[in-house]
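# need a 3D model of the sequence below.
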Amino acid sequence: MMFFYGMTLVFILGYGLIAFEHVNKIDKAAVALLTGGLMWLLLVIGAPDIYQLGFSQELNALTAGHAGGTHSIVDLITRHAFTEHLGEIASIVFFLMAAMTIVEVVDRYQGFRIITDRIKTTSRIRLLWIISILAFLISAVLDNLTTTIVMITLLQKLLAKQDNRWLFSGMVVIAANAGGAFSPMGDVTTIMLWIGGQVTAASVVKTLFLPSLVAMVVPLTVLSFILPGRTARPALSDDEVEEFVPYKHRVIILCLGLFALITVPVLKAFTHLPPSVGMLLGLGIIWVYTDRFLKRKQNLDRRKLSVTRILKQVDTATVLFFLGILLSVAAFQTAGQLNVLAGWLSTTIGNVYGINLIIGFLSSIVDNVPLVAASMGMYGIEPASATGFLADFVVDGNFWTFLAYCAGTGGSVLIIGSAAGVAAMGLEGIPFFWYMKRIGWLALLGYLSGAACFMVMQLLF
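Modelled structure (predicted):
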């Protein structure tokens, strides 16, 4: 039990250090990597004791058919569990790196100026609605992580004041997570439930569009009343003033970038390959085009436009922060803490709405992917003829559909509760407590409003 609870203590301490980064002055990426490494170290050292507790479905599945013994359990964890999780984590990390690079290439070639030059409004309220609606709709087609990266890049071209950018970025996180929740391709957890057969694509869109819209519109409306005034655009840099890339090629680069991002969910749906493959393919296409373009345009400065040079400017600290957080959550999933939590919810709450609401709150602390995975393992898909409490667990039943909403939007309450939030935190340097004070309560209000909307819809229809 010592190592089982020791892992939980390390996670809590690491979480606290990340939250108080402004006080301890230790970079959150360093803390995340340290936390992830220590948790896996404790897991391996205490593997026999943790296995004997019997909480981990993952360890039970791994040891089935294998001889017992300390060496065997440790070997299975290091050779199978860790390798499998590392593969999933690497897929997300490479996805993030490729997406950030594609967006940076489009930005460096002045592609986003085609969009920002057409946004003429200086009203903070109007601009907030435009950005939020765009994030909501785009995340349903792409995903919330990619959408956040793109929208924050646009905000950096539209807003000069840091405080304004942080507020708008917080709203982008809420809108992107809400938009991803109602689409079968917009969030990893919704994709998991869709592929797992718990929900169908048409039903999840029909049932969750209105609650997801409410989850965005409510905080957006409240924020509109406290954000009057005008915005000021940042001064153009020397590179932006000098339009060194012809307009035609800026359009081509923008179209290539958007094409690369949009084809990712399409390739995922048809080939079942990880989204990172599609993102890396898109980066490769853009890289080939830009190299050929630079070869033809000898008068351009290759140092500014070479993808090789742009890669060096990618925010590596944000990528490593992702890596550390995902390693920590993977250790939790392997050791079985999440299964214990799912079991406690089932026996203590016993109500599908209450269980999912709590899962939504927990997803703002622990990544929503393993929480949903644990729920899918705890509860089975019941036949269509099921009645009573079990009727909520049929395909497209209330439990599964509401789980997609809660897991997708609940992570907005804290900035490290979703991939979109972590990306915003890294790209804009948003402090943990600043977000919790200025944005968290708005996200909570939207989350509960959308949940209430879902429940009312079930009562009426």
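
# how about F182, phi and psi?
Main-chain torsions, F182, degrees, to the nearest 10: phi -90, psi -10.

# can you tell me the closest non-neighbouring residue to I73?
Nearest residue to I73 in three dimensions, chain neighbours excluded: A47, at 4.7 Å (C-beta to C-beta, 6 or more residues apart in numbering). Where C-beta positions appear, they are placed from N, C-alpha and C, glycine not excepted.

# quick one: that neighbour and V74 touch, right?
Yes: between A47 and V74 there is a contact under C-beta atoms under 8 Å: 5.0 Å.

# these two - which one has more neighbours?
More neighbours surround A47 than the other of A47 and V74, with 24 against 16 (other C-beta atoms under 10 Å).

# check what pLDDT G179 gets.
G179 is assigned a predicted lDDT (pLDDT) of 91.

# next one: T263
Reported pLDDT for T263: 83.

# surely it and G278 touch.
Yes: using C-beta under 8 Å, T263 is in contact with G278, at 5.9 Å.

# any idea which element the closest residue to L273 other than its chain neighbours lies in?
Excluding the flanking residues, the one nearest L273 by C-beta to C-beta, 6+ apart is L267, at 6.2 Å. Element membership for L267, per DSSP states H and E: helix 247-271.

# how about residues contacting that helix?
Contact with helix 247-271 is made by 99, 102-103, 105-106, 109-115, 141-143, 146, 150, 185, 191, 245, 273-275, 277-279, 281-283, 285-286, 289-290, 293, as judged by C-beta atoms under 8 Å, 6 or more residues apart in numbering.

# quick one: buried residues of it?
By neighbour count on 16 or more other C-beta atoms under 10 Å, the buried set for helix 247-271 is 249-250, 252-254, 256-258, 260-261, 264-265, 267-268.

# just the buried ones from the contacts of helix 247-271?
Buried among the contacts of helix 247-271 by 16+ other C-beta under 10 Å: 99, 102-103, 105-106, 109-113, 141-143, 146, 150, 185, 191, 245, 274-275, 277-279, 281-283, 285-286, 289-290, 293.

# now, which of the residues you listed lie within helices?
99, 102-103, 105-106, 113, 141, 146, 150, 191, 275, 277-279, 281-283, 285-286, 289-290, 293 (DSSP state H).

# count the residues that sit near V456.
12.

# so it belongs to a helix, correct?
Yes: according to DSSP: H, G, I helix; E, B strand; the rest coil, V456 belongs to a helix.

# what helices and strands are in contact with the helix or strand that T318 is a member of?
Element membership for T318, per DSSP H and E: helix 316-335. Helix 316-335 sits against helix 2-19, helix 28-45, helix 57-63, helix 82-108, helix 368-378, helix 419-428, with contacts defined as 3 or more C-beta pairs under 8 Å, 6 or more residues apart in numbering; DSSP states H and E.

# so where's the stretch 351-461 of the chain uncertain?
367, 369-370, 373-374, 377-378, 389 (pLDDT under 70).

# which parts of it are helices?
Counting by DSSP state H, counting those that start in this stretch, the stretch 351-461 of the chain has helices at residues 352-362, 368-378, 398-409, 419-428, 432-435, 441-460.

# before we move on, the earlier item: winner for burial among the helices and strands packed on helix 316-335?
The highest mean neighbour count among these, using mean count of other C-beta atoms under 10 Å, belongs to helix 419-428: a mean of 26.

# who are the packing partners of that one?
Partner elements for helix 419-428 (3+ C-beta pairs under 8 Å, 6+ apart): helix 144-158, helix 162-181, helix 316-335, helix 432-435.

# tell me the most buried of these?
With a mean of 27, the top stretch among the helices and strands packed on helix 419-428 by mean neighbour count (mean count of other C-beta under 10 Å) is helix 162-181.

# how far out from the middle of the chain is that helix?
Chain-centre distance of helix 162-181: 12 Å, with C-alpha atoms, centre = their mean, to the nearest Å.

# gap between the helix or strand hosting V218 and the chain center?
Element membership for V218 (DSSP H and E) is helix 201-225. Offset of helix 201-225 from its chain centre (C-alpha atoms, centre = their mean): 18 Å.

# tell me the buried residues in that helix?
203-205, 207-208, 211-220, 223.

# from those residues, pick the one nearest L62.
Closest approach to L62 among the buried residues of helix 201-225 (C-beta to C-beta): V204, at 31.8 Å.

# ok, that closest one - contacts?
When contacts are counted by C-beta under 8 Å, 6+ apart, V204 touches F182, S183, P184, T190, L193, W194, D396, T401, A404.

# need the residues you listed in JSON lines with neighbour count, can you?
Output for the contacts of V204, formatted as JSON lines (neighbours: other C-beta atoms under 10 Å):
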{"residue": "F182", "neighbour count": "29"}
{"residue": "S183", "neighbour count": "27"}
{"residue": "P184", "neighbour count": "22"}
{"residue": "T190", "neighbour count": "28"}
{"residue": "L193", "neighbour count": "24"}
{"residue": "W194", "neighbour count": "20"}
{"residue": "D396", "neighbour count": "16"}
{"residue": "T401", "neighbour count": "28"}
{"residue": "A404", "neighbour count": "30"}
